[in-house]
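Engineer: need coordinates for the following:
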Amino acid sequence: MSRKALFLDRDGVINHDPGYVHRADQVEFIDGIFELCRAAVARDYLIIIITNQAGIGRGFYTEAQFHSLMDWMRARFAAEGAPLTEVYFCPSHPEHGIGEYRIDSPERKPNPGMILNAQQAFTLDLAASLLIGDKPGDCEAGARASVGVRLLYDPADETRSPFASAHIRDLGEALAYLEPHND
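Structural biologist: Here you go, the predicted structure:
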């Protein structure tokens, strides 16, 4: 049985992105994220985070610090009635990575690796799935993985992507793109 997913970029979609967020005290959730995720869960979407984390590869913080923050974030989402199904991350960067992290990984967006890994792990129907990102590369990764709906979230409405199905300024606008609940 195929399932559908709501793929979310982390920094810039779930939380504001002042740069290299890696501690809970740095997290400021974006208005509407929990409401959107609760609505998605009610419509049988799996909530999957796909996030580039070049700060690890650049040596700004460790994978352990990332996992600690994500454990805290998982608990917050669960408490809000919107449990996260999985978190995929890519710590590498092809130019600025240090040591083993200096690679052009198939997981690093705009490559579709994280989405394809999730599809295989959870038997996802990507055509029925939805992706929300704040950068054109997020939408490109979704397009390359054949995700059905790819929303580019930009409150300032300044960013465009040919890979986006639509551009949204508010996460509440994404509710209209969720498939209705099948009773």
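Engineer: now do Ala176 against Ile168, distance only.
Structural biologist: Here the criterion is CB to CB, to the nearest Å. By it, Ala176 lies 9 Å from Ile168. The way it works is simple: take the backbone N, C-alpha and C, and place the C-beta from them, glycine included.
Engineer: which one's more surrounded, the two?
Structural biologist: The neighbour count for Ala176 versus Ile168, taken as other CB atoms under 10 Å, is higher for Ile168 (19 against 9).
Engineer: how about the strands of this structure, start to end?
Structural biologist: 4-8, 45-52, 86-90, 130-133, 149-153, 166-168 (DSSP state E).
Engineer: didn't Arg3 look like it was pressed against Ala121?
Structural biologist: No: in this structure, Arg3 is not within contact of Ala121 by CB atoms under 8 Å, at 10.9 Å.
Engineer: count the residues that sit near Asp125.
Structural biologist: 14.
Engineer: hey, where'd the helices end up in the chain?
Structural biologist: 33-42, 54-57, 63-79, 113-122, 136-144 (DSSP state H).
Engineer: Arg23: which of these is closest?
Structural biologist: Minimum separation from Arg23 across the helices of the chain (CB to CB) falls at helix 63-79, 6.3 Å.
Engineer: what about the chain, any weak spots by pLDDT?
Structural biologist: 181-183 (pLDDT under 70).
Engineer: please name the nearest non-neighbouring residue to Asp138.
Structural biologist: Leaving aside its chain neighbours, Asp138 sits nearest to Asp9 (4.9 Å; criterion: CB to CB, 6 or more residues apart in numbering).
Engineer: can you check Ala54 too?
Structural biologist: His93 (4.1 Å).
Engineer: also Leu130?
Structural biologist: Nearest to Leu130 is Val149, by CB to CB, 6+ apart, at 4.6 Å.
Engineer: what sits against the one you found?
Structural biologist: Going by CB atoms under 8 Å, 6 or more residues apart in numbering, Val149 touches Ser129, Leu130, Leu131, Ser165, Ala166, Tyr177.
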